[in-house]
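> Would you be able to build a 3D model of this:
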Amino acid sequence: MKDKKVLIIGLGNSGKAAAEAMVGLGASVYVQDSKSEDKIDTKLMMFLKENAVECFLGRTPDDMSLFDMLIVSPGVPLDLGFIKEAKDAGTEIIGELEVAYRTGKGKYVAITGTNGKTTTTTLVGEIYKASGRTTHVVGNIGVAVISKALTTSDEDWLVTECSSFQLESIKDFKPEVSAILNLTPDHLDRHKTMENYGDAKAQIFANQDSSQYCVVNYDDKACFALAEKCEAKVVPFSRKEELDFGAYVSEDKIVIKDEAGAVTEFCRVDELKIPGSHNLENALAACAIGYFGGIDASVISEVLRTFAGVEHRIELCDTIKGVRYVNDSKGTNPDAAIKAIEAMKENIILIAGGYDKNSEYDEFTAAFEGRVKALLLLGTTAAKIKEAAEKAGFTEVKILDDMEACVNEAYSMAEPGDVVLLSPACASWDMYKSFEHRGRHFKECVSRLER
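Residues are numbered from 1 along each chain as shown. Sure thing, here's the model as predicted:
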């Protein structure tokens, strides 16, 4: 990277880490962001100025042919005019994940899918740590890959959550074990079609070979079909069927049948602490990733029995007057929210709504029957979801101004035994910086309720 002219586009978590890394590697660094300087973190601006980084803030460079490489942050679409101009000029365009893979050390486990990525990545990270391996949990989970990759050794493992946005811009990235958990409509505002979205996810195994493994959901036919082009050893996992090879449920136990036909038992399904059928799928995937990654079955079994889940994903945050309050702010698309509703079973007062990613909500509202007793909506999509609910014959709907109003309304109508569930089925960007910000605000609102 030394003396290469590198333009970093987007100064979020990924872009900030890339800028720091490129400065450290001796590149000639430039940065671009749509925000003006007064909207950029003060410490970051100080770092950029101290290191003579030229900034294009609130504007784009006049001549895109100046740069040898563009490092594009995941949230930035690759079809923007000035990026296409650079591509036409022959500039290499990659993301922070790719540049971390090229410039750093370590072995990769890569996990993608529409839903369950964070839970599965965290669980796999715990399995790898428990095995005694030096492990870093990175990627879309909130820790930029490059922030760890430049200080790792060849024997370190980077357990990496990969979004479709990150996978769009890889060239050489080659994990030892990859996984695709599921494939349902999401981010169609960016990818336009499900075919494009699936193609982006399939990039995760694009460079793998027959010595490596790709773990794929057998029950999700669209997901499993992606693996037809995979050159790695495909390991299916199934919640519904017993398999000739792979991870599945047999007599209410999680098991794996290996290439030789030998069956290894791990734990009973009822020993898992993470609720819902979708979390059983996450556990099956994690089990397969660990086992075919060479980790002892006893280590995997112990972690499966003790893992309690992650923040913002079906997180029980309080019980007040017999009413449970559950934070599922990570439910950023309809399918994820459906899984949360199914995990809660019934008597749900549901808080939903947010940024519109061009999702449809008919299946989401159809899942209410027999489970959801009231729907409280906020955000840009409130009217759209209300219309879908009423079309499905569900009329217990209110649109409110903000999270505090929703939590207070839920509190006033809840009865002992009910569940107040925040599972928005939408992204957070219309009202919050992130789904974490939204989840924390929900918990703050709950903490202020009268005991």
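
> Residue 243: what's it in contact with?
Under the criterion of Cβ atoms under 8 Å, 6 or more residues apart in numbering, the neighbours of residue 243 are 218, 236, 257. The way it works is simple: take the backbone N, C-alpha and C, and place the C-beta from them, glycine included.

> how about it, secondary structure?
Using DSSP: H, G, I helix; E, B strand; the rest coil as the criterion, the local structure at residue 243 reads coil.

> Next one: it from residue 177, what distance?
When Cβ to Cβ, to the nearest Å is the yardstick, residue 243 and residue 177 sit 18 Å from each other.

> ok so, going back, in CSV: the contacts of residue 243, plus neighbour count and secondary structure.
Output for the contacts of residue 243, formatted as CSV (neighbours: other Cβ atoms under 10 Å; DSSP: H, G, I helix; E, B strand; the rest coil):
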residue, neighbour count, secondary structure
218, 21, coil
236, 21, strand
257, 17, strand
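
> List the residues that contact residue 121.
For residue 121, the contacting residues are 111, 137, 139, 141, 159-161, by Cβ under 8 Å, 6+ apart.

> Tabulate those in TSV, adding columns for pLDDT, distance to residue 289 and secondary structure.
Written out in TSV, the entries for these read as follows (pLDDT from 0 to 100; distance: Cβ to Cβ, whole Å; DSSP: H, G, I helix; E, B strand; the rest coil):
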residue	pLDDT	distance to residue 289	secondary structure
111	98	7	strand
137	97	13	strand
139	94	14	strand
141	88	15	coil
159	98	9	strand
160	98	12	strand
161	97	12	strand
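
> Out of these, which two sit at the greatest distance?
Farthest pair in the contacts of residue 121 (Cβ to Cβ) is 111 and 137. Separation: 10.2 Å.

> Who has more neighbours out of these two?
The residue with more neighbours, out of residue 111 and residue 137 and counting by other Cβ atoms under 10 Å, is residue 111; that gives 33 against 23.

> Can you give the domain ranges for the protein?
With domains defined by automatic domain parsing, the chain comprises 5-94, 98-306, 315-447.

> Can you check the distance spanned by the last one, start to finish?
Start-to-end span of domain 315-447 (Cα to Cα, to the nearest Å) is 14 Å.

> How about the shortest one?
Taking Cα to Cα as the measure, domain 5-94 stretches 14 Å from start to finish.

> where does this protein have its least confident helix or strand?
Across the helices and strands of the chain, the lowest-confidence element by mean pLDDT, DSSP states H and E is helix 188-191, at a mean of 72.

> helices and strands around that helix, which ones?
Packing partners of helix 188-191 (3 or more Cβ pairs under 8 Å, 6 or more residues apart in numbering; DSSP states H and E): helix 164-167, helix 194-202.

> Kindly export it (C-alpha atoms) in PDB.
Presented in PDB, the C-alpha positions along helix 188-191 are these (Å, rounded to 0.1, in the frame of the first residue of the first chain):
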ATOM      1  CA  LEU A 188     -33.900  -4.400  -2.100                       C
ATOM      2  CA  ASP A 189     -33.600  -0.600  -2.200                       C
ATOM      3  CA  ARG A 190     -29.900  -1.300  -2.800                       C
ATOM      4  CA  HIS A 191     -29.800  -4.700  -4.700                       C
END
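
> which residues touch the nearest residue to residue 396 once chain neighbours are set aside?
Spatial nearest neighbour of residue 396, chain neighbours left out: residue 374 (4.5 Å); criterion: Cβ to Cβ, 6 or more residues apart in numbering. Residue 374 makes contact with 349-350, 396-398, 410, 413 under the criterion Cβ under 8 Å, 6+ apart.

> taking these one by one, which sit in helices?
Counting by DSSP state H, the part of the contacts of residue 374 found in helices is 410, 413.

> Any of the contacts of residue 374 buried? List them.
Of the members of those, the ones counted as buried by neighbours, 16 or more other Cβ atoms under 10 Å, are 349-350, 397-398, 410.

> which one among those gets closest to residue 182?
Where these are concerned, and distances follow Cβ to Cβ, residue 182 has its nearest neighbour in residue 350, at 21.7 Å.

> Distance-wise, check that closest one relative to residue 360.
Separation of residue 350 from residue 360 (Cβ to Cβ): 17 Å.

> Could you do residue 425 as well?
With the distance defined as Cβ to Cβ, residue 425 ends up 10 Å from residue 360.

> neighbour-wise, which of the two wins?
Shown here are residue 425 and residue 360; by other Cβ under 10 Å, residue 425 has more neighbours (27 against 11).

> how much space between the nearest residue to residue 336 once chain neighbours are set aside and residue 181?
Residue nearest to residue 336 in three dimensions, not counting chain neighbours: residue 115, with 4.4 Å by Cβ to Cβ, 6+ apart. Relative to residue 181, residue 115 is positioned 7 Å away (criterion: Cβ to Cβ).
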